[in-house]
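Student: here is a sequence with its predicted model. Questions after.
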Amino acid sequence: MSAEFPYVRPRRLRQSPAMRRLVAETRLHPAELILPLFVREGVSEPVPVSSMPGVVQHTRDTLRKAVVEAAEAGLGGVMLFGVPAVQDATGSEGTNPDGILQRAIRDVVSEVGDSLVVMSDLCLDEYTDHGHCGVLAADGSVDNDATLERYAEMARVQADAGVHLVGPSGMMDGQIAVVRRALDESGHQDTGILAYTAKYASAFYGPFREAVGSSLKGDRKSYQQDPANAREALRELEQDLAEGADLVMVKPAMAYLDILRQVADASPVPVSAYQVSGEYAMVEAAAANGWIDRERMIIETLTSLRRAGAEQILTYWAVEAAGMLEQR
Ligand code: PBG
C-alpha cells in the first residue's frame, strides 16, 4: 500500500472537536502563565495605560487584589514592575529598601507568596530620569560595569523584600554573574534568576514605555540585540547559563519564534517567552475595530509560543486566558 492519496487522508484527524482534542500536540495551562503587573507610587486610584486597554498602573491596594485574582486563576506567577514618583540619574529608587517595588514585593509575598511565584523586574529604566537601563558615562553612553554595581544592589534589596525570582532585563554583559554573586553573598542562595537572555531592541515595547512612565529619548540599540541577528541569541544563552541563570527568556515573542525554537532546543533550563506590550496592543486595537476575533487571537498567539518551545509565557492576558482555558 502506498502512503498516498486516496489512502492517506490527514483530514480524518481533523473531523470532529473530539478528534482534534485527542491529537492536539500543544496544550496551554494556567500554571505556565505569568502576569506582568505595574505598581505606581503615590496614586490613590489605579491609572489606566491608554495604549494597553485593560491594563492599569496599580496602587498598592489594588495590586494586592490583582495578585489574589491571579492566584485564584491558577497562574504560575506574577512579574512586578515599579513606577516610582521620582526618577534620577542613577535610578536611586530602584535600590531604596522602601522604594515602591520593594514595598510591593513585600505586600505580594505576604498576600499570595505561597500559592504563586513572585518575580520582579531588575532593571534601571523605570527609575532613571534619562530612561536608560543603566547609568551613563560622562560621554552619555551606557556604562556597563558601573551599571552592574547598581544591579547587584537591586538584587539585594529585592531579595531582602522576599521575591522568589529576580528578572534582570537590562542586557548588560555579565549581569547574571553579578546578580548571582550579590544574592549568594547576602544569604539569598535560594532566590532564583529568570534571565532576559535574548532580548531584542524592539518597537514592540512602545506601549510599555507609557506603562512605566519612561523618559527615554533615543533607543537601546547599544545593549539590546539587533532584530537582524539570531546567532548572538545562542551566545547570550551560553553566557547566561554559565553565569547561573535558572530560567531563560526570549523577548519579544511572536516576531521571534525562530529564536524561541533555537533557544528551546539548546537550553537545559526552562525557557520563557514574553508576549510584550506591543503584541498585546496590536490585538486589542484590531479587536476594538471589529477586525479580528479577539479571544481566538489570544489563544492562537499563546499556543504558537508554546508550540515554538516556550514553557512559561508572560502575558498581559494571563488571567483572562486562564479563564478561557477552563471553559474549553
Ligand atoms: C526593561 C523592560 C522593558 C520591558 C520589560 N522590561 C522595556 C524595554 O526594554 O525597553 C518591555 C515589556 C513590554 O513591552 O511589555 N525594564
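Tutor: Perfect, I can see it now.

Student: just the CA trace of stretch 288-297, in PDB.
Tutor: Output of stretch 288-297 as PDB, limited to C-alpha atoms (Å, rounded to 0.1, in the frame of the first residue of the first chain):
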ATOM      1  CA  ALA A 288     -11.700  47.200  19.100                       C
ATOM      2  CA  ASN A 289     -12.200  47.900  15.400                       C
ATOM      3  CA  GLY A 290     -14.000  44.600  14.900                       C
ATOM      4  CA  TRP A 291     -11.300  43.400  12.600                       C
ATOM      5  CA  ILE A 292     -10.400  40.100  14.300                       C
ATOM      6  CA  ASP A 293     -11.800  37.600  16.800                       C
ATOM      7  CA  ARG A 294     -10.100  38.800  20.000                       C
ATOM      8  CA  GLU A 295     -10.400  35.600  22.100                       C
ATOM      9  CA  ARG A 296      -9.400  33.200  19.300                       C
ATOM     10  CA  MET A 297      -6.400  35.500  18.600                       C
END
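
Student: which strands and helices lie in contact with the helix ranked longest in the chain?
Tutor: The longest helix of the chain (DSSP state H) is helix 144-160. Helix 144-160 makes packing contacts with helix 100-112, strand 117-122, strand 165-168, helix 175-185 when contacts are defined by 3 or more Cβ pairs under 8 Å, 6 or more residues apart in numbering; DSSP states H and E. Glycine gets a C-beta too; all of them are placed from N, C-alpha and C.

Student: please report how far V109 lies from S272.
Tutor: Taking Cβ to Cβ, to the nearest Å as the measure, V109 falls 20 Å from S272.

Student: please read the previous query as pertaining to A203.
Tutor: 21 Å.

Student: with E236 instead?
Tutor: E236 is 14 Å from S272, by Cβ to Cβ.

Student: up against the ligand, what does the stretch 101-250 of the chain have?
Tutor: 121, 123, 125, 133, 169, 205, 208, 220 (Cβ under 6 Å from any ligand atom).

Student: now the residues you listed as TSV including neighbour count and pLDDT?
Tutor: Formatted as TSV, these follow (neighbours: other Cβ atoms under 10 Å; pLDDT from 0 to 100):
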residue	neighbour count	pLDDT
D121	25	98
C123	27	98
D125	25	96
C133	26	97
S169	23	98
Y205	23	97
F208	24	94
R220	21	96
